[in-house]
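**Student:** Have a look at this prediction, sequence included:
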Amino acid sequence: MSCRPTLLARACVTACALAMICAAPAWANKVYVSNEKGNTVTVIDSETWEVITEFPSGNRPRGIGVSPDGALLYVCASDDDTVRVFDTETYQELYTLPSGPDPELFTMHPSGNPLYIANEDDNLVTVVDTESRTVLAEVPVGVEPEGMAISPDTKWVINTSETTNMAHFIDTSDYKIKHNILVDQRPRYATYTDDGTKLFVSSEIGGTVSVIDTSGDLPELIHKIGFEVPGVQPEWLQPVGMKVTSDGNWLFVALGPANRVAVVDAQSYEVQDYILVGQRVWQMAFTPDQAHLLTTNGNSNDITVIDVAAQKALKSIQVGQQPWGVVVAPD
């Protein structure tokens, strides 16, 4: 008889512990959105699609990324001329990286080191060691560098210069430009297919996406993808952010003030559909399983969640003022 209270107490403790576990929020992946005019980052739970928090991120946050282990969040604070680094659990700023003036976008080596940062106002790509927090190199590029990409084999870093209208191929072994490809007016973003055989470059004012064959010894421009939406003026069709599925079959293109994402067959380069999203769609990010595509919509202050398989918009989520960049923490 004397053991019953002990057993009962243990049962109660176990039940309470289980209840606490069940009550705790299940954050499969966190979504981070940089709000360019709000000077904040909004954090969203990718299971519930609810906003977890919003925290200060420096002045004019734009380019944003997460370390391979998901522990660190990197934010280009463009008006502070630095990259701010935050703890992804506490949202506390840990330190800054010497980015060069007006950092806008960056690409990261798959190992997490180094960062390759586009400095829009200084016509440079700055290479930063994320461990020693020092500048490894400054690479002169064209006027107004913005788009950044790294080849899957890490041999090349691509920068797009908005005013020079070129994609520059920077050799990561010596930080020298080895190739230049002329594209249409105001190139904003670059992305590779996972197999490294194609590079897509969006041209905002030109209204096209250039397809560059990177499978041979020399990169070659092989096609330009155009866009046409009934009822939308051609000058509103401004390609910016892009994402290509890991199987290389689908390319999604944000069309800026057209408020649509183009769905492109990445093999035939034919546009298959347009998905209506928020106002002034800018950058995009996949969830790690590529089940969802997230878009930042700067003028409606929200993001749109797209079902990738169905190629349909599911919902919008209000975030901070003028969302610009978006990244999802890795699994």
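**Tutor:** Everything's here; your move. Computed from a predicted model, the values in this text were never measured in an experiment. Numbering: from 1, shown residues only.

**Student:** I'd like the distance from Met148 to Glu228, if you could.
**Tutor:** 29 Å (Cβ to Cβ, to the nearest Å). (Glycine included, C-beta is placed from N, CA and C.)

**Student:** Ala291 too?
**Tutor:** According to Cβ to Cβ, Ala291 and Glu228 sit 29 Å apart.

**Student:** What of Ile212?
**Tutor:** Distance, Ile212 to Glu228, using Cβ to Cβ: 22 Å.

**Student:** Which helix or which strand is home to the residue lying closest to Tyr175 once chain neighbours are set aside?
**Tutor:** In space, and not counting its chain neighbours, Tyr175 is closest to Ala137: 4.2 Å by Cβ to Cβ, 6 or more residues apart in numbering. Per DSSP states H and E, Ala137 falls inside strand 134-140.

**Student:** quick one: strands adjacent to that strand?
**Tutor:** Using DSSP bridges, the strands paired with strand 134-140 are strand 124-129 (antiparallel).

**Student:** who's in contact with the partner strand?
**Tutor:** For strand 124-129, the external contacting residues (Cβ atoms under 8 Å, 6 or more residues apart in numbering) are 83, 97-100, 103, 113-119, 134-141, 145, 148, 157, 159, 170, 175.

**Student:** Please point out which parts of that strand sit buried.
**Tutor:** Across strand 124-129, burial judged by 16 or more other Cβ atoms under 10 Å covers Leu124, Val125, Thr126, Val127, Val128.

**Student:** Val66: which of these is nearest?
**Tutor:** Looking at those and their distance to Val66, the nearest is Val128, at 16.0 Å (Cβ to Cβ).

**Student:** Tell me, how many residues neighbour the closest residue in space to that closest one that isn't next to it in sequence?
**Tutor:** In this structure, Val128 finds its nearest non-sequential neighbour in Leu115, 4.7 Å apart by Cβ to Cβ, 6+ apart. Leu115: 24 surrounding residues under other Cβ atoms under 10 Å.

**Student:** hang on, Leu115 packs against Val83?
**Tutor:** Yes: look at Leu115 against Val83 with Cβ atoms under 8 Å: they come within range, at 7.0 Å.

**Student:** list residues touching both of those two?
**Tutor:** Contacts common to Leu115 and Val83, judged by Cβ under 8 Å, 6+ apart, are Tyr74, Leu97, Phe106, Val128.

**Student:** Roughly how far does the last one sit from Tyr91?
**Tutor:** Okay, so that is Val128. With distances taken as Cβ to Cβ, Val128 is found 22 Å from Tyr91.

**Student:** Distance of Ile170 relative to Asp194?
**Tutor:** Counting by Cβ to Cβ, the gap from Ile170 to Asp194 is 20 Å.
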